[in-house]
Each structure stands twice: as C-alpha cells, then as structure tokens.
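S.K.: show me the folded form of this:
(2 chains, ligands or ions: 2)
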Amino acid sequence: MADIQETIQDLGRQGSSIADEIQQTVRDKKPLTIRRIVTNEYLLHVLSMTAFLLVWHQAAVSGLFAGALATPWQVVERFQGLMTDTLAGLTIWGHIWASTQRIFIGFVLASALAIPLGLFMALNPYVDAIVKPVFDIFKPMPPIAWISISILWFGIGEPSKIFIIVIGTFVPCLLNSYNGMRLIEPELYDVVKVLGGGRWNEIIQVSFPASFPAIFAGLQISLSMAWTCVLAAELVASRSGLGFIIVQGMKISDTSLVIGGMIIIAIVAWLSSLLIAGLEKYLCPWKRDIAGL
Amino acid sequence: MTPKIECRNITKFFIQKGKQRVHVLEDISLEVRDKEFLVILGPGQSGKSTLLRIIAGLETPNEGSIKLDGQQIAGPGPDRGLVFQSYMLFGWKTVMGNVELGPMLNGVDKSERRRIAQRYIDLVGLNGFEKHYPHQLSGGMKQRVGIARAYANNPKVMLLDEPFGQLDAQTRYFMEKETVRIWESEKRTVLFVTNNIDEAIYLGDRIVTLKGKLPGRMHEVYDVELPRPREHTDMKFLQLRQQITDASELVL
Ligand SMILES: Nc1ncnc2c1ncn2[C@@H]1O[C@H](COP(=O)(O)OP(=O)(O)OP(=O)(O)O)[C@@H](O)[C@H]1O
Ligand SMILES: [Mg+2]
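M.R.: Ligands and ions are numbered 1, 2, ... in the order given. Reported below is the predicted structural model:
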C-alpha cells in the first residue's frame, strides 16, 4: 500500500472532541536509488517472465520432452492463425465462448440452488437435519466420477456437461454459505435484539451481510471447480470448447495447439475469477481497501 | 422514589458441555436510581457480563426478578441500551448505518433517523466519520460508535459492559472523560461494568463491588461523593481507592 493510513492518538493536545484521534493520510515518498530500481516489483516480474520464456524456448529447440514441445513463438503463431481460421467449424473465440457458456450456465444454476439451500440449512435445524445426511453421501464424491453416468443420462450434448459443472460447483457453494452463516458471532444477533428488532431483522441485518464474504469465497472455489469439470467433460466427449482443442492437438500431435490451449484456459479462468472478485467488491463495499476509497 | 432498576436475589447457572453446572451469580440484589451513574466493579470472570446481559434481557436468571420502573422485564427491549465489551459493530455498515440501526428497526423514517443518528455521532465526537467503515476506525472510535448506537435508540437505561477494556491506558482515560461529558450533557440512568478501580471511582456516583471467583456475589456498596470533574490524584480519590482495595484484598 503506497499510502499509509495513520491514526494518531495524540493525547497531549486534549480538546473536547475527536480532535485527539486524528486520521491523517501520509504519502510514502522515498528517494529513487539504484537499490530501489533493482528491487522494483514490476522490473522483477518482467525479468522472471523473460527468463521463463527463454528456458522454455531453449528446452523446445534442444528437443527435450521427446521433441513434443513447441516454442513460445510457434504457439503464438498457431493461435494467431486460429483467430480467423477454424478448428471443427469454430475459431478460437468460438471455442472460448463454448466453454465459458457452459461454465456460466452451470455456475448460475448451481449457485442459485446451493446458496439459498446452505443458508436455509444454517437457519433452520430441521432443514439441516433433513438435507445433511443426503448431502454428506455426495460430498466426498469427486465430480469427475459423475461423467460416465451423466453421458448415459443426458447424452454427449450440452446438458451432460452442464450437469457435471452443477455437480462440481454445488458442494463448495453450499458448504461455504452454510458455514459462513453458522460461524457468525452470536452477539451480533444480540445487538439487533437489544435495539428492539425481531427474528426477521436478525436475518436481514446480520445473517445475510455477515455471510457474504464466505459465500464469495465459496464462489471462487466453485469457479475453479467449474473449470476443472468443464475441461474433463470436454476431454471425454465434445466437438467444441477449450478441452476439445487440447484433445485435438494431442490426436494430431500438434503441441503448439495443446500448449496454447492450456495457456488460454489459464487466462480465461483467471479473468473469470477477476469477474467474481469485482462483483464481490461491488456488492461488499465495506471490504474495499482504505486507500481505494 | 421507586428505583429505575431493581434486581432482586438474582441467581444464575449455566449448563456447560451438556452436564456441567456453572454457578455464575449468587443472590445479587441491587437498585439503580433514576439518572444515577452506578458502577459495578468486579475482577475478571465474576459474572459481570452475565449480570448485564440478564438486565438487558438477553439471559434469564434461574432465580430472582428484575424490574424497570416497577415493571417486570421480559426479554430484551429498546428501553435498555447495551454497549458491548467487544464493540460488536456491523462491519458491513458505515458509522452512520450502525448508529441509525436502532431507530431504523423501530420504524423511524429515513430523514428523521438520519437526524437522530447525526446528533449522537456529533455528541460522541465522530463528526466527519459518518461514511467510514468500522475497520477504518481506532479502538476508541469504535467504542464511540457503540455508545452512539445505544444512545440513538433513546433508551431509559444505558448498560455498558467494560466498554474500554480493550483500549490502552491513555485512550482509556480519555474515553472516561468523554463518558462523563456525554453523560452530563444528556443525563440518563447508567449501569457501567468495569474491572478497573480507577475507572470506577472516576465515573461512578455509587460503586457496587463483586467478590472475586465464581459465583459472583455482592460485596460492598460505596458512595462516591467527589465533585466532578474528578482528579485521579485527589486525596479523597486516593483514600477511597485505598478503602476499596483493602476491602477487596480480604476477599481475594
Ligand atoms: N452462555 C454461556 N454459557 C455457558 N457459560 C457461560 C455463558 N456465559 C458465560 N458463561 C460462564 O460464566 C462465567 C462468567 O462469565 P462473564 O462473562 O459473565 O464474566 P465477566 O465477569 O464478564 O468476565 P470478564 O471480566 O472476562 O468479562 C464464565 O466462566 C463463563 O464461562
Ligand atoms: Mg465480561
């Protein structure tokens, strides 16, 4: 943090009011020395990236990994081509969209079901007692284990892929909203009681806002789970999506396609998690950094 | 004159871990007069918070009764305001949002509750911090919000549970001065719990001491007849301090 928020409690200057606890913004200005330039965060980022690309390039040229390693440049070229040319009828954008769309539908479905259910379970012991045993059977099951049955049930089209994503994201969504609400400091409810609010106000004023951060933590976990699931589903049977690109690359021994696909997955998954983080920032303004206000 | 609050023979047990019975309060009887600043002074773990929570209506005693203005209390209500030992501010609300919570829960319309909240924010000296969130405030400022929040609900009685227990000595002393200033500018019946003898003498019209160790029992009642503002170095202050320490050392 560049700005140092300082709370100065100078009791020497006693006034009648808050003047004794002043908040002051002090800007962190240090002189520019060689040491500061060399240890600059961004410079170090650039250096480490360059080193990584050089090592990769060298490894590719020297034929390591059974010669099945494209150079960074080959990967870039391959994907530049794919922006206009098609693979199985779709450009790279089409494939990105195919995966993202599946994730989006599955993710929205799962969170719309799991978050309210988790909150209900935490609020009502009867709902908890009814849902918990069934949920506990499914909880430890890795979502990938559902792929075969989902293809048998829903075929190899979209529904089976979305089903897998729903299964995979449901568990972390539910667990986090459930725990988030159960771990609320009970005295916070006493605040509402003492001020004259009833049970409904306790839920609206405390339960929901206090479990928000946990719900968002659950969404982040769910999202990375969703990417794992969609890839697995696309690897098994698909005609589109980023998982399909990777399998295609493997089948025709096109390593630049495989590696490029992996990189794009990482980028898209990262962007989607930024989106969730942005949504959290928007919905939970109290979590914003002091300096960012 | 009927007392503002009247506690009769309050006894409280807790059941811990299923079967263990913990005896927390034994036969507590006390009266708080109207507009009086009564301090309950007791060592750690003597059931002070429990007593205050019983008076607030958050816990029910196993025996005994509490009357407010001659009426038996039943559960928590806006006629008693509680300031919590560990602040208990809503981190998702601004200072304004926290302070206006009481009027809001009681159906006061927006412009009116803003006006009330602003009045108490100003009273506790937090003018200019209305839009801050609790994590942006220092400990002393947080407890000011806690005090303003309780005041804004216009309770007949203020219950303060070791409100400055988490503050450093200097801030604590400063907040004690502020408490007297706020109390004098808007007199109410106050029940203030502390484990700090100087704080008790500095603030109280009367001091009730509890014996150490569970269950908490009443020990002595002291009248503090020192003019305000009080000085910690005043002879009479120190004499009373000595008297209370001597008496409580016999207990410990
Ligand atoms: N809800 C509860 N259930 C079970 N035991 C409780 C409960 N509340 C308090 N106790 C027990 O009652 C005893 C007294 O607690 P209390 O918080 O009233 O003391 P205190 O004097 O306020 O202590 P401190 O000075 O640390 O604030 C403690 O031993 C505690 O374990
Ligand atoms: Mg306590």
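
S.K.: can you name the residues in contact with stretch B:9-25?
M.R.: B:26-29, B:47, B:50-51, B:54, B:59, B:61-66, B:214-217 (C-beta atoms under 8 Å, 6 or more residues apart in numbering or on different chains). Every residue, glycine included, has its C-beta placed from N, CA and C.

S.K.: what residues sit buried inside that stretch?
M.R.: B:10, B:12, B:24-25 (16 or more other C-beta atoms under 10 Å in any protein chain shown).

S.K.: okay, the spatially most central residue of chain B: pLDDT?
M.R.: The centroid of chain B falls nearest to B:Leu160 when counting by C-alpha atoms, centre = their mean (1.4 Å). If you check B:Leu160, the pLDDT there is 95.

S.K.: checking it next. Helix, strand or coil?
M.R.: Classification of B:Leu160 by DSSP: H, G, I helix; E, B strand; the rest coil places it in strand.

S.K.: hang on, the earlier thing: mind picking the two most distant members of the buried residues of stretch B:9-25?
M.R.: Pairwise distances across those peak at 10.1 Å for B:Ile10 and B:Val24 (criterion: C-beta to C-beta).

S.K.: quick one: the helices in chain B?
M.R.: Counting by DSSP state H, the segments of chain B that form helices are B:48-56, B:95-99, B:101-105, B:110-123, B:139-152, B:169-185, B:197-203, B:235-251.

S.K.: using PDB, write down the CA coordinates of the last one.
M.R.: Extracted C-alpha coordinates of helix B:235-251, given in PDB (Å, rounded to 0.1, in the frame of the first residue of the first chain):
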ATOM      1  CA  MET B 235      -6.600  13.000  48.200                       C
ATOM      2  CA  LYS B 236     -10.200  11.800  48.700                       C
ATOM      3  CA  PHE B 237      -9.900   9.900  45.400                       C
ATOM      4  CA  LEU B 238      -6.900   8.000  46.700                       C
ATOM      5  CA  GLN B 239      -8.400   7.400  50.100                       C
ATOM      6  CA  LEU B 240     -11.500   5.800  48.600                       C
ATOM      7  CA  ARG B 241      -9.200   3.800  46.300                       C
ATOM      8  CA  GLN B 242      -7.300   2.500  49.300                       C
ATOM      9  CA  GLN B 243     -10.500   1.700  51.100                       C
ATOM     10  CA  ILE B 244     -11.800  -0.400  48.200                       C
ATOM     11  CA  THR B 245      -8.500  -2.200  47.600                       C
ATOM     12  CA  ASP B 246      -8.200  -3.000  51.300                       C
ATOM     13  CA  ALA B 247     -11.700  -4.400  51.400                       C
ATOM     14  CA  SER B 248     -11.300  -6.500  48.300                       C
ATOM     15  CA  GLU B 249      -7.900  -7.900  49.300                       C
ATOM     16  CA  LEU B 250      -9.600  -9.600  52.200                       C
ATOM     17  CA  VAL B 251     -11.800 -11.400  49.700                       C
END
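
S.K.: which strands and helices sit next to it?
M.R.: In terms of contacts (3 or more C-beta pairs under 8 Å, 6 or more residues apart in numbering or on different chains; DSSP states H and E), helix B:235-251 is packed against helix B:197-203, strand B:206-210, strand B:218-223.

S.K.: tell me which other helices or strands the longest one touches.
M.R.: Meaning helix B:197-203. Going by 3+ C-beta pairs under 8 Å, 6+ apart, helix B:197-203 lies up against strand B:37-41, helix B:169-185, strand B:189-194, helix B:235-251.

S.K.: hmm, try it at 6 Å
M.R.: Packing partners of helix B:197-203 (3 or more C-beta pairs under 6 Å, 6 or more residues apart in numbering or on different chains; DSSP states H and E): strand B:37-41, helix B:235-251.

S.K.: using JSON lines, please lay out the ones you listed together with mean neighbour count.
M.R.: What follows is the helices and strands packed on helix B:197-203, written out as JSON lines (neighbours: other C-beta atoms under 10 Å in any protein chain shown):
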{"stretch": "strand B:37-41", "mean neighbour count": "25"}
{"stretch": "helix B:235-251", "mean neighbour count": "13"}
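
S.K.: enumerate every residue touching B:Ile66.
M.R.: Shown in contact with B:Ile66 (C-beta atoms under 6 Å, 6 or more residues apart in numbering or on different chains): B:7, B:55, B:73.

S.K.: next SSE after the lengthiest helix in chain A?
M.R.: In chain A, assigned by DSSP H, the helix with the most residues is helix A:92-123. Next helix or strand after helix A:92-123 toward the C-terminus (DSSP states H and E): helix A:125-138.

S.K.: elements contacting that next one?
M.R.: Packing contacts for helix A:125-138, counted by 3+ C-beta pairs under 6 Å, 6+ apart, involve helix A:92-123.

S.K.: show me what contacts the closest residue to B:Ser46 other than its chain neighbours?
M.R.: Using C-beta to C-beta, 6 or more residues apart in numbering or on different chains and skipping residues adjacent in sequence, the residue nearest B:Ser46 is B:Gly216, 4.1 Å away. Applying C-beta under 6 Å, 6+ apart to B:Gly216 gives the contacts B:25, B:46-47, B:210.

S.K.: and the stretch 1-150 of chain B, which residues reach ligand 1?
M.R.: With C-beta under 6 Å from any ligand atom as the criterion, the stretch 1-150 of chain B meets ligand 1 at residues B:14, B:16, B:22, B:24, B:42, B:44-50, B:85.

S.K.: ok, the residue nearest to A:Phe65 when sequence neighbours are not counted to A:Val75 distance?
M.R.: Counting by C-beta to C-beta, 6+ apart, A:Phe65 lies nearest to A:Ala59, which is 7.1 Å off, once chain neighbours are set aside. Distance from A:Ala59 to A:Val75, counting by C-beta to C-beta, to the nearest Å: 13 Å.

S.K.: what about these two, which has more around it?
M.R.: A:Val75 (23 against 13; other C-beta atoms under 10 Å in any protein chain shown).

S.K.: and that one, which of the three is it?
M.R.: Three-state call for A:Val75 (three-state DSSP): helix.

S.K.: quick check, pLDDT for residue 3.
M.R.: Just so you know, I chose chain A. Looking at A:Asp3, its pLDDT stands at 38.

S.K.: actually chain B
M.R.: With respect to pLDDT, B:Pro3 scores 89.

S.K.: would you confirm that A:Asp75 contacts A:Gly260?
M.R.: Quick fix: residue A:75 is Val, not Asp. Yes. Taking contacts as C-beta atoms under 6 Å, A:Val75 lies within contact range of A:Gly260: 4.5 Å.
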